[in-house]
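Participant: Prediction below, plus the sequence it came from.
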Amino acid sequence: MTGPSVPDAPVPLAAQAAAEPAAVQVGAAPVGTAPVEPVATASQQTPPITLPAAPVPPAGSVPATPEAASPPPSPAARENGDEPESVIVVTAPEPAPPGDPLQRINAESFKAVQAVDQAVLEPVAKAYNKGLPRPVRKGLRNFFSNLSEPVVFAAYLLQLKPGKAAETAGRFAINTTLGIAGLVDVAKKKPFNLPYRPNGLANTLGYYGVGPGPFMYLPIVGPTTLRDIIGDSVDRLLLPAAIGKPFTNPEVVLPMTIVDQLGERAAFDERINEIRKEDKPYAAYRDLYLKQRKAEIEALHGRITPDVVPVYGPGLKTPRKKDAEAKDSAAQTDAQTPSATEQATEPPVQPAP
């Protein structure tokens with residue numbers, strides 16, 4: 001039998017306070033006591049502060065570096081030599097050829113002289129060739145060549161060649177008298193057969209072993225060397241004294257010199273234009289001049305150099321276009337025609353069965 005229910009005993013206030021925490025209102029404190037700071041619970045702790053992240057640019061907006069654009073070559077490519085290498089090109093000035101240490105200065109002088117020549121001298125030379133008949137132009141060149149014979153005579157004496165000196169004296173006498181003051185070169189024809197031979201102090205120095213020295217291209221003078229400019233200057237000083245009046249008068253010498261140089265320029269107009277068409281006209285002009293001068297000195301020793309076309313020089317044969325074309329045609333014919341040795345070595349043609 002169940003007894004009557006006993007009501008629960010009342011719980012003391014102190015026990016309730018320990019079991020259930022009382023809600024504390026911030027700022028509400030009992031009168032007469034110091035305010036109690038609220039204690040933050042785990043759910044009320046301050047959240048961490050995070051910095052704003054930098055904006056990420058869209059793909060493709062950032063330029064790739066050269067390293068990223070081209071991946072490093074593989075070891076196999078390095079072994080096969082396929083690895084691209086950075087090449088450093090160092091250009092040095094072209095060294096001056098032997099005999100032309102003043103090449104840069106000479107080349108600039110050549111350009112300046114050629115510019116003046118094309119603007120002034122070339123039109124005058126062409127008018128000279130068209131205005132004067134060929135016999136007249138040739139007669140003037142013969143006249144100036146005859147005036148240089150006394151210098152040629154003295155040069156042969158200095159070279160201890162009395163026979164050549166006697167021939168030169170004979171040429172001068174024949175052309176001065178029979179050739180009408182040298183206008184007609186009678187001495188080179190039969191029965192005399194005394195051709196003109198250029199000579200002078202420069203050739204005499206070369207004959208005795210004096211080198212040409214540095215090549216120079218000077219205004220007015222043109223192509224020359226140290227040896228030639230010294231020798232030619234002495235020749236020009238001796239010429240008036242050797243011939244006498246009126247060639248000692250500057251008023252006579254200056255116009256004659258101009259006519260002489262104009263005639264030489266007109267005579268070699270085609271040759272000069274051919275040189276200008278070369279890839280390196282200055283080098284072609286220099287080489288041709290040095291080759292000509294060397295051939296003249298070699299001829300004094302009895303060594304003849306064939307196929308030397310002069311650039312300038314009194315009395316020298318004027319290169320003609322027809323002669324050059326005939327020479328080229330003959331050379332082509334010789335090249336196409338087999339020699340006797342080649343014909344002998346060729347097997348005979350067997351007749352067809």
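Facilitator: Happy to help now that I have it.
Participant: Excluding sequence neighbours, find me the nearest residue to L238.
Facilitator: Closest residue to L238 apart from its sequence neighbours, by Cβ to Cβ, 6 or more residues apart in numbering: V151 at 6.1 Å. From N, CA and C alone the C-beta is placed, and that goes for glycine too.
Participant: if I look at that neighbour, how far off is D287?
Facilitator: Distance, V151 to D287, by Cβ to Cβ, to the nearest Å: 27 Å.
Participant: Which of those two has more residues huddled nearby?
Facilitator: The neighbour comparison of V151 against D287 (other Cβ atoms under 10 Å) goes to V151, with 22 against 17.
Participant: how about the CA coordinates for the helix or strand hosting the residue nearest to L238, as CSV?
Facilitator: Using DSSP states H and E, the element containing V151 is helix 149-158. C-alpha atoms of helix 149-158 as CSV (Å, rounded to 0.1, in the frame of the first residue of the first chain):
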residue,chain,number,x,y,z
GLU,A,149,111.0,63.5,-125.3
PRO,A,150,113.9,65.5,-123.8
VAL,A,151,112.9,64.2,-120.3
VAL,A,152,112.7,60.6,-121.7
PHE,A,153,116.1,61.1,-123.2
ALA,A,154,117.6,62.2,-119.9
ALA,A,155,115.9,59.3,-118.0
TYR,A,156,117.5,56.7,-120.4
LEU,A,157,120.9,58.3,-119.8
LEU,A,158,120.5,58.0,-116.0
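Participant: got a list of contacts for it?
Facilitator: Applying Cβ atoms under 8 Å, 6 or more residues apart in numbering, the external contacts of helix 149-158 come out as 162, 164-165, 168-169, 171-172, 175, 197-201, 203-204, 235, 238-239, 242-243.
Participant: go on, stretch 99-118?
Facilitator: 96-97, 212, 214-219, 222, 265, 272, 276, 281-282, 285-286, 290.
Participant: So which residues make contact with the helix ranked longest in the chain?
Facilitator: Longest helix in the chain, counting residues (DSSP state H): helix 281-300. Defining contact as Cβ under 8 Å, 6+ apart, one finds that helix 281-300 is touched by 97, 99-100, 106-107, 110-111, 114, 159, 161, 197-199, 203, 206-207, 212, 215, 217, 223, 225, 228, 275, 278, 304-305, 308-311, 313.
Participant: quick check: angle from it to helix 149-158?
Facilitator: Here helix 281-300 runs at an angle of 60 degrees relative to helix 149-158 (axes from the mean of the first three to the mean of the last three Cα atoms, to 10 degrees).
Participant: Go through helix 281-300 and flag the buried ones.
Facilitator: By 16 or more other Cβ atoms under 10 Å, the buried positions in helix 281-300 come out as 281-283, 285-293, 295-297, 299-300.
Participant: ok so, going back, filter the contacts of stretch 99-118 down to the buried ones, ChimeraX style.
Facilitator: Per 16+ other Cβ under 10 Å, the buried members of these correspond to this ChimeraX selection:
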select :212,214,215,216,217,222,265,272,281,282,285,286,290
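Participant: about what we covered before: which other residues reach the next helix-or-strand element following the helix holding V151?
Facilitator: The C-terminal neighbour of helix 149-158 among helices and strands, as given by DSSP H and E, is helix 162-177. Here helix 162-177 makes contact (Cβ under 8 Å, 6+ apart) with 142, 146, 149-150, 152-153, 156-157, 182, 184-188, 192, 194, 196-197, 199.
Participant: same question, stretch 228-248
Facilitator: Residues outside stretch 228-248 that contact it (Cβ under 8 Å, 6+ apart): 147-148, 150-151, 154, 200-205, 212, 216, 218, 221, 224, 252-253, 256, 293.
Participant: Narrow those residues to those in strands?
Facilitator: 216, 218, 224 (DSSP state E).
Participant: The second one pairs with what?
Facilitator: Each beta-bridge partner of L218 is listed here: G222, as defined by DSSP bridges.
Participant: my guess is it meets T224, correct?
Facilitator: Yes - contact status for L218 versus T224: in contact at 6.4 Å, counting by Cβ atoms under 8 Å.
Participant: if I pick V221, what's in contact with it?
Facilitator: I229.
Participant: any idea of the pLDDT on it?
Facilitator: We have a pLDDT of 90 for V221.
Participant: do G163 as well
Facilitator: For G163, the model assigns a pLDDT of 96.
Participant: do the same with D235
Facilitator: pLDDT for D235: 94.
Participant: Now the strand or helix carrying it: buried residues?
Facilitator: Taking DSSP H and E as the criterion, the element that holds D235 is helix 226-243. Using 16+ other Cβ under 10 Å as the test for burial, helix 226-243 gives 227-228, 230-232, 234-235, 239-240, 243.
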